[in-house]
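*Asks:* I need the structure of the sequence given here:
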Amino acid sequence: MTSTNKLLPFRLPPPVAGKVDLLIVAGEHSGDEQAARLVRELRAKQPGLTVAALGGAELAGAGAQLLHDLTASSVVGLVEVLKNYSFFKALLAETLRWIAEHRPRAVCFVDYPGLNLRLAAALRERGLSVKGGGKIRTLYYISPQIWAWKAGRRFAMARDLDAMAVIFPFEVKCYADTTLPVEFVGHPFVAPDYLVPVNYDPAGPVLLLPGSRKQAVARIYPALLSAFAAFQERNAVVLFPSQEIRAMLEHWTASTSLANRIELRPIGTPTAASGVLTSSGTMSLNCALAGIPGAIAYRANPITYLFGRWLVRVPYLGIANLLLGEPMYPEFIQGAATPAALAAELKACVGDPARRARTAAQAARVRALLSQPTGGSAADWVEWQLKSD
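*Replies:* Predicted structure coming up:
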């Protein structure tokens, strides 16, 4: 038994069809969801296409063979990554073994750069990918946030990848000084078939959205609960991405005297809200597009935060704020995310007509910026790439 197998006590299963056309690697819940939409559209175009994935339940539901639930291992932050270093090193080695043995026509990396960029480089170094002299095409969907930090990664990505599809229009220019072909394919949240998980209702409850990662939820949710306790004007709905996160939320919710006014729902359940307190992740953009007034609360491990402040060079954490160049969602970071400040934001969301009107206008601008161009969808892009091998 190798040292890798001692650290990773399983082997990825072989393709059920005996071969695989496309391997997808998506390490987070949001990437799993967007990759699943891509796979559903691809398989509708090509029913015989075989897809395997390191991802989550959404990809499995879309018809991909789930080799390992990578979303269950998702972590964020320097400290958290270091704690799980041995696991990810072993997973990388096992994934490389699987690719070398089963030779997919293409590997499509979806966001999650910590693992995916290392995997792309290793495929080149081992001569498996096209960039390394092999036959496996390496594609990337949903760019790492090189516009926020570690911009120099773009040159290594151009060295290791065959093509990239981005979901924010400004990202194309970020790669203009490289040889990497980059195409804006529109954001999946504004696609015609996208099922919007939230909508605006001025008479509805408020939303509390602490995120999808355990570490983030543990730091952000207590602050949101305290803010709701200080607010007390409406009921609240909390959306969760997994049963593991639900168990965490139930534990903290039970500790508050307002537990009977807080409902936990799985993400994907249609939910109407009058205001929102949200982490800076994917759901904040859903809420922004729905025109729900709100604010962003963010708390990280203190060491991770200090390290991030040194590296990150963007004026906002929320993507809607970045797209607009103004704070559609005011941001309360670390110690600024106090119960009083967040409760005041909720009061403004539900009680200030000017705030609601401004949010509606900003939502329309964000939607226009993210709309799909005439060149086609992400699935069209992957289909074309597979035809190019």
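
*Asks:* what stretches of the stretch 251-389 of the chain score poorly on pLDDT?
*Replies:* 301-314, 374-375, 389 (pLDDT under 70).

*Asks:* hmm, try it at 80
*Replies:* Within the stretch 251-389 of the chain, the stretches with pLDDT under 80 are 300-315, 372-375, 388-389.

*Asks:* so which residues of it form strands?
*Replies:* 262-266, 271-273, 275-278, 294-298, 331-333 (DSSP state E, counting those that start in this stretch).

*Asks:* same check, this time on the stretch 101-250 of the chain
*Replies:* 106-110, 137-141, 163-166, 182-184, 198-200, 206-209, 236-240.

*Asks:* pick the most buried one from the strands of the stretch 251-389 of the chain.
*Replies:* Each of the strands of the stretch 251-389 of the chain was scored by mean neighbour count; the highest is strand 275-278, a mean of 30, by mean count of other CB atoms under 10 Å. Heads up, the C-betas are built off the backbone N, CA and C, glycines and all.

*Asks:* give me the phi and psi angles of L128.
*Replies:* phi -90, psi -30 (degrees, to the nearest 10).

*Asks:* check what pLDDT it gets.
*Replies:* Looking at L128, its pLDDT is 98.

*Asks:* just the buried residues of stretch 134-153, please?
*Replies:* Neighbour counts using 16 or more other CB atoms under 10 Å place 134, 136-147 of stretch 134-153 among the buried residues.

*Asks:* swap that for stretch 103-116, sorry
*Replies:* Buried residues in stretch 103-116 (16+ other CB under 10 Å): 104-113, 115-116.

*Asks:* got it, and stretch 248-259?
*Replies:* 248-249, 252-253.

*Asks:* residues in contact with that stretch?
*Replies:* The list of residues contacting stretch 248-259 from outside it, by CB atoms under 8 Å, 6 or more residues apart in numbering, reads 210, 214, 217-218, 221-222, 225, 228-229, 232, 236, 238, 240, 262, 264.

*Asks:* I'd like to know which of those residues are buried.
*Replies:* Buried among those by 16+ other CB under 10 Å: 210, 214, 217, 221-222, 225, 228, 236, 238, 240, 262, 264.

*Asks:* want to throw those residues into TSV with distance to A60?
*Replies:* Below are these laid out as TSV (distance: CB to CB, whole Å):
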residue	distance to A60
P210	25
K214	21
V217	23
Y221	27
P222	32
L225	32
F228	34
A236	31
V238	25
F240	19
I262	30
L264	23
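
*Asks:* let me know the closest of those to K45.
*Replies:* F240 (32.9 Å; CB to CB).

*Asks:* contact partners for the closest one?
*Replies:* 246, 249, 264-267.

*Asks:* now the phi/psi pair for A57, please.
*Replies:* phi -60, psi -30.

*Asks:* residues contacting it?
*Replies:* So, once contact is read as CB under 8 Å, 6+ apart, A57 ends up touching 32, 66, 69, 71.

*Asks:* go again with 10 Å.
*Replies:* Residues in contact with A57 (CB atoms under 10 Å, 6 or more residues apart in numbering) are 29, 32-33, 36, 66, 69, 71-72, 241-242.
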